[in-house]
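K.L.:
Got a sequence here, can you build the structure:
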Amino acid sequence: MLRRQDPKPEILRIEELVQRVKAGDIKLPKFQRIFVWNRTDILNLCDSVYKGYPIGSILLWFTNEKLASEHKIGDLEINQRAEEYPVNYLLDGQQRLSTLCGALYWNGTDINSTWNICFDLEKEQFFYPKTYQEVWHFPMNKLSGTFDFINQCRRFESHPNKEKYEENAQRLLQTIKDYKIAAVTIKDMSLNEVAPIFERINSTGRALTIVDLMRAATWSGSFDLNDGMNAVRKSLEPKKFDDVSDGEILKNISATSGFGILKDDIDKLRNLKSLQLQESVKKCINSYKLAVDFLTSELPLASNAYVPYNLQLTLLVEFFGICPNPTLNQRNVLKRWFWHTSFSSYFRSSNYSLVRGALNQIRKFAEGEIQFLEIDQPINYKAIFSEPFTLKKASSKTFALLLASNKPKSLLDGSSIDIYKALAVTNKYEYHHIFPINFLKRLNEPSERINMHTNICMLSLDNNRKISDSKPSKYFHPLKTSLGSDLDEVLASNFISTEAYEACLHDDYNKFIELRLELLINTIKNLVGKSVEPL
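P.N.:
This is a model prediction of the structure:
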């Protein structure tokens, strides 16, 4: 039985600590950040140890908790010891001990390995060898074994600088073996109690996320949350939705398990058995597929990059998990719900009560308890269209989807715009200022009016270049001839009425904006309706 004790530092030899990491006696918990040091950092650490510079203390957690731990450090395999608890987890110092462990115990053949580090006995410097090693180049991985060390030293027995090399090799060996570091061990604390300690001492200031904690708390020999989340993403690759974040997937695993999607709800996953978690991941994969199929077939979405709010996808996944075969009416309500929550910025401030209420409502709708989804937030139409167009914002992504929903055709030649290409990534070059930027600047229009949504349409990069900064009348006049009877259809596909077209022919920006705004607002009203009710 562990007893809570005040943490006290003890001085340990770094050689011993590194051996324990390699042997699996000190485990590297998976909620730690992955190994990210670059080669300069690694060489500097080795140099600090050689010169006796301080490299900081380490923090160990001695506990009976069974957490996910790393099996490799880069391309170095860590020994897997028998499942015996309590065990030590390394909370702070992973990068330092991992570096020294990798350098001392690497036994690979890839010359480009991170752990293929040598010490120049002539210059007394650490470096990465590129090809052939000179006799005075001493590999770090020849220091951990007595026979390896002796055999390596025999390489320079006949060299004129033998004595210097032997002396420097011995100094290198002794500094590694004798270097001492302060180690603090904390005991008898739960994962939730340890988390703030880790966050406080973490040198990067990176706070542990709920994903970190749940990855550690739910791990077993037969379940790894990270593998589960990767399996979800893998299933979404064909539809270009595989960039869904760990946090969002975790919410849906929690919801699929019968819990909520807030932090306190997700924490309940620690109480489930591995088989239950595995089943939740399987259900989650199927639910994600159905939700993404809905978004890409019934709405103009071609990738996750254009989903205005993460919570929209989370709630749709939960809906399809409960109701995999919705009625036509339910699908129509979901489409209106999507447009309404997008244009009203309903999920911009996702507070506790809103999230819990939205999840509860979507579940009732999926189960058939209610027939519509109520959104109690009006749409400020004029505010939407006067905002500047930037695809980093949800409002601009929503506007891009609105443009795509109208199956736009190129203003120059009438060819269909490839909306799947345009919406594959948030690429601003697939869009065009109908009244070009430089033209409006010459009229001294302020930037906020130049870049507002109402002045944007979809256009290929090639057509964009052809128009350049021409005034609208210059490129709109030839359309009557080039498009002929298709002119009205092409204009309408870009939300440009006949009257708005006439305004373009006269370079009348104010009139154009007024007329296009009216058409865009009417379109949204048709998509959304006054309430999200059955069609």
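K.L.:
Which parts of the stretch 301-450 of the chain are strands?
P.N.:
Under the criterion DSSP state E, counting those that start in this stretch, the stretch 301-450 of the chain contains strands at 431-433.
K.L.:
again with the chain
P.N.:
Taking DSSP state E as the criterion, the chain carries its strands at 9-13, 26-27, 58-63, 72-73, 76-77, 87-92, 118-120, 125-127, 137-139, 180-187, 431-433, 456-458.
K.L.:
Please save the CA atoms from the longest one in CSV.
P.N.:
Meaning strand 180-187. In CSV, the C-alpha atoms belonging to strand 180-187 read as follows (Å, rounded to 0.1, in the frame of the first residue of the first chain):
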residue,chain,number,x,y,z
LYS,A,180,24.5,12.9,-11.3
ILE,A,181,21.0,14.4,-11.5
ALA,A,182,18.4,15.3,-9.0
ALA,A,183,15.3,13.0,-9.1
VAL,A,184,12.1,13.8,-7.3
THR,A,185,9.6,11.0,-6.8
ILE,A,186,5.9,11.6,-5.9
LYS,A,187,3.7,8.8,-4.6
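K.L.:
Tell me the gap between that strand and the middle of its chain.
P.N.:
The chain centroid and the centroid of strand 180-187 are separated by 33 Å under CA atoms, centre = their mean, to the nearest Å.
K.L.:
tilt between it and strand 87-92?
P.N.:
120 degrees (axes from the mean of the first three to the mean of the last three CA atoms, to 10 degrees).
K.L.:
ok, N226 - how many residues close by?
P.N.:
Around N226 there are 13 other residues, counting by other CB atoms under 10 Å. Where C-beta positions appear, they are placed from N, C-alpha and C, glycine not excepted.
K.L.:
F495 is in contact with L403, isn't it?
P.N.:
Yes - with contact defined as CB atoms under 8 Å, F495 reaches L403; the gap is 7.4 Å.
K.L.:
so what sits against both of these two?
P.N.:
When contacts are counted by CB atoms under 8 Å, 6 or more residues apart in numbering, F495 and L403 are jointly contacted by C457.
K.L.:
re the thing from before, tabulate the strands of the chain (JSON lines), appending mean neighbour count, distance to Y420 and mean pLDDT.
P.N.:
Below are the strands of the chain laid out as JSON lines (neighbours: other CB atoms under 10 Å; distance: least, CB to CB, whole Å; pLDDT from 0 to 100):
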{"stretch": "strand 9-13", "mean neighbour count": "12", "distance to Y420": "58", "mean pLDDT": "89"}
{"stretch": "strand 26-27", "mean neighbour count": "23", "distance to Y420": "46", "mean pLDDT": "87"}
{"stretch": "strand 58-63", "mean neighbour count": "22", "distance to Y420": "49", "mean pLDDT": "88"}
{"stretch": "strand 72-73", "mean neighbour count": "16", "distance to Y420": "38", "mean pLDDT": "72"}
{"stretch": "strand 76-77", "mean neighbour count": "16", "distance to Y420": "43", "mean pLDDT": "74"}
{"stretch": "strand 87-92", "mean neighbour count": "22", "distance to Y420": "46", "mean pLDDT": "84"}
{"stretch": "strand 118-120", "mean neighbour count": "20", "distance to Y420": "51", "mean pLDDT": "95"}
{"stretch": "strand 125-127", "mean neighbour count": "16", "distance to Y420": "49", "mean pLDDT": "95"}
{"stretch": "strand 137-139", "mean neighbour count": "20", "distance to Y420": "52", "mean pLDDT": "94"}
{"stretch": "strand 180-187", "mean neighbour count": "17", "distance to Y420": "53", "mean pLDDT": "88"}
{"stretch": "strand 431-433", "mean neighbour count": "20", "distance to Y420": "15", "mean pLDDT": "88"}
{"stretch": "strand 456-458", "mean neighbour count": "22", "distance to Y420": "12", "mean pLDDT": "91"}
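K.L.:
could those go into JSON lines alongside distance to W339?
P.N.:
JSON lines is the format used below for these (distance: least, CB to CB, whole Å):
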{"stretch": "strand 9-13", "distance to W339": "60"}
{"stretch": "strand 26-27", "distance to W339": "49"}
{"stretch": "strand 58-63", "distance to W339": "49"}
{"stretch": "strand 72-73", "distance to W339": "47"}
{"stretch": "strand 76-77", "distance to W339": "52"}
{"stretch": "strand 87-92", "distance to W339": "47"}
{"stretch": "strand 118-120", "distance to W339": "62"}
{"stretch": "strand 125-127", "distance to W339": "60"}
{"stretch": "strand 137-139", "distance to W339": "63"}
{"stretch": "strand 180-187", "distance to W339": "52"}
{"stretch": "strand 431-433", "distance to W339": "20"}
{"stretch": "strand 456-458", "distance to W339": "18"}
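K.L.:
the more surrounded of F495 and L403?
P.N.:
L403 (24 against 21).
K.L.:
show me the contacts for that one.
P.N.:
So L403 contacts I456, C457, M458, N494, F495 (CB under 8 Å, 6+ apart).
K.L.:
just to revisit the earlier point, of the strands of the chain, which approaches M229 most closely?
P.N.:
When the strands of the chain are compared by CB to CB, strand 72-73 sits nearest M229, at 18.9 Å.
K.L.:
Tell me where the stretch 51-200 of the chain has helices.
P.N.:
Secondary structure of the stretch 51-200 of the chain by DSSP state H, counting those that start in this stretch: the helices cover 94-105, 146-153, 162-178, 191-201.
K.L.:
Buried deepest among these, which one?
P.N.:
Most buried of the helices of the stretch 51-200 of the chain by mean neighbour count (mean count of other CB atoms under 10 Å) is helix 94-105; its value is a mean of 24.
K.L.:
so what does it touch, helix or strand wise?
P.N.:
helix 14-23, helix 39-51, strand 72-73, strand 76-77 (3 or more CB pairs under 8 Å, 6 or more residues apart in numbering; DSSP states H and E).
K.L.:
And the third one, how far out from the chain middle?
P.N.:
Here strand 72-73 shows a centroid-to-chain-centroid distance of 22 Å under the convention CA atoms, centre = their mean.
K.L.:
Okay, now the sheet partners of it, with direction.
P.N.:
Strand pairing for strand 72-73, determined by DSSP bridges: strand 76-77 (antiparallel).
K.L.:
closest to W37 out of the strands of the chain?
P.N.:
Across the strands of the chain, closest to W37 is strand 72-73 (CB to CB), at 10.9 Å.
K.L.:
what does that closest one contact?
P.N.:
V21, L28, F35, I78, S98, C101, G102.
K.L.:
Now do the first one against W219, distance only.
P.N.:
In this case it means V21. As judged by CB to CB, to the nearest Å, V21 and W219 stand 19 Å apart.
K.L.:
Quick check on these two: which one has the bigger neighbour count.
P.N.:
Under the neighbour definition other CB under 10 Å, V21 and W219 were set side by side, and V21 has more, 26 against 23.
K.L.:
so what's that one closest to, chain neighbours aside?
P.N.:
C101 (4.7 Å; CB to CB, 6 or more residues apart in numbering).
K.L.:
cool, F241 as well?
P.N.:
That would be N304: by CB to CB, 6+ apart, it lies 4.3 Å from F241.
K.L.:
Surely the one you found touches V244?
P.N.:
Yes - shown here, N304 and V244 form a contact pair, counting by CB under 8 Å, at 5.8 Å.
K.L.:
got any residues that touch both of those two?
P.N.:
L236, L313.
K.L.:
Centroid-nearest residue for the protein?
P.N.:
Centroid check for the chain by CA atoms, centre = their mean gives S245 as the closest residue, at 4.9 Å.
K.L.:
Spit out the contact partners of that one.
P.N.:
N310.
K.L.:
Also R348?
P.N.:
R348 touches Y309, A394, counting by CB under 8 Å, 6+ apart.
K.L.:
what's the pLDDT at it?
P.N.:
Looking at R348, its pLDDT is 91.
K.L.:
Great, nothing more from me.
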